[in-house]
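Colleague: What follows is a predicted protein model with its sequence.
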Amino acid sequence: MSKSSGTIYDDTRERVGPRADKSPVLEAREVSKSFRQGPVLLDVLCGAALSVAAGERVAIVGASGSGKTTLLQILGGLDRPTRGQVLVDGRDIHQLTERERGELRNRAIGFVYQFHHLLPEFSALENVAMPLLVRRAPVAEARKAARELLERVGLGQRLEHRPHQLSGGERQRAAVARALVTQPKIILADEPTGNLDGANAESVFGLMLELNRERATSLVVVTHDIRLADRMDRVYEIEKGRLSERLTPPLRRGESYTGT
Ligand SMILES: Nc1ncnc2c1ncn2[C@@H]1O[C@H](COP(=O)(O)OP(=O)(O)OP(=O)(O)O)[C@@H](O)[C@H]1O
Ligand SMILES: [Mg+2]
């Protein structure tokens, strides 16, 4: 299965823009964000537009401080844009009430961060089950789903480990499992391998790509690593507040990106 879907993705990678056969699961329209610091207004994003189709893999690259995290937070409904719209599964997430926004986030989006953000006092199993328990799923069902996903990410022998008893790579795998346990349509990942050494980064990133193929979950990954970005379907770059799509994957242009 993964071989054949790999072929499909390799074929579609050459296309420009989201695949025509699928409506976007995530869309940003003319998103701007300014921060006011005393008398100074800092324009971080100016009219950013982005569209992600179901199952698509998109990278966002840019220098440190260019606004990647800000954009991801706005896409996930965790921060408000100064102007513009973000449609998650067709709904304008910033027009919803706090409660509705939380529900849409919990249902449709999984987050993976550079730092795992697992809760230290809970086991791997409890951490991964947590998003289901938050939506009031029965405990037995939540634990079963968490166990299956931890087995899938190679942590079947680590279910009762606390985060401090896991290695860095294992913690990120658990964080990936936690993001996927609700079967979200979209994973938003901010430098998910930024804290890992080369081999671990490769293994966690490879796992995310495999799970994206298996589950047709869209993947939006902020990364400094151009080799990782190059393995996605499309690459957006933020520069001087502007978001633009790179029509030719960077490595194929013989470029090495040195964001930070
Ligand atoms: N809450 C805030 N108040 C004021 N300025 C902010 C705030 N959040 C971010 N900024 C500024 O916005 C700019 C973009 O920050 P952001 O964290 O999005 O960058 P980034 O591209 O993710 O950088 P990095 O690669 O270092 O993580 C930075 O100059 C930052 O100082
Ligand atoms: Mg950042």
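Modeller: Perfect, I can see it now. Please read all numbers here as calculations on a predicted model, not as lab measurements. Ligands and ions are numbered 1, 2, ... in the order given.
Colleague: what comes into contact with stretch 83-103?
Modeller: Here stretch 83-103 makes contact (Cβ atoms under 8 Å, 6 or more residues apart in numbering) with 23-32, 47-48, 74-75, 77, 80-81, 104-105, 108-109, 185-186. (Each C-beta comes from the backbone N, C-alpha and C, glycine too.)
Colleague: Filter the residues you listed down to the ones in strands?
Modeller: Using DSSP state E, the subset of the contacts of stretch 83-103 located in strands is 24-32, 47-48, 109, 186.
Colleague: Can you flag the buried ones in those?
Modeller: Applying a neighbour-count criterion of 16 or more other Cβ atoms under 10 Å, the buried members of these are 24-29, 31-32, 48, 109, 186.
Colleague: Which residues does the residue nearest to Y113 when sequence neighbours are not counted form beta bridges with?
Modeller: With Cβ to Cβ, 6 or more residues apart in numbering as the criterion, Y113 has its nearest non-adjacent residue at 5.4 Å, and that residue is D190. Counting by DSSP bridges, D190 forms beta bridges with V222.
Colleague: For D190, which residues are in contact?
Modeller: With contact taken as Cβ under 8 Å, 6+ apart, D190 is in contact with 68-69, 72, 111-114, 222.
Colleague: Residues of the stretch 51-200 of the chain that sit close to ligand 1?
Modeller: Selection of the stretch 51-200 of the chain residues close to ligand 1 by Cβ under 6 Å from any ligand atom yields 62, 64-70.
Colleague: and if we set it to 8 Å?
Modeller: Within reach of ligand 1 by Cβ under 8 Å from any ligand atom, the stretch 51-200 of the chain has these residues: 62-73, 79, 190-191.
Colleague: And L119, how far from ligand 1?
Modeller: Per Cβ to the nearest ligand atom, to the nearest Å, L119 is found 23 Å from ligand 1.
Colleague: For the residues of the stretch 51-200 of the chain next to ligand 1, which entry has the maximal number of neighbours?
Modeller: Within these, neighbour counts (other Cβ atoms under 10 Å) peak at L71, which reaches 29 neighbours.
Colleague: tell me the SS of E121?
Modeller: Using DSSP: H, G, I helix; E, B strand; the rest coil, the structure places E121 in coil.
Colleague: count of residues packed around it?
Modeller: Residues contacting E121 under the criterion other Cβ under 10 Å number 9.
Colleague: Once you drop chain neighbours, what's closest to it?
Modeller: Nearest-residue entry for E121: R162, 7.4 Å, with adjacent residues in sequence omitted and distances by Cβ to Cβ, 6+ apart.
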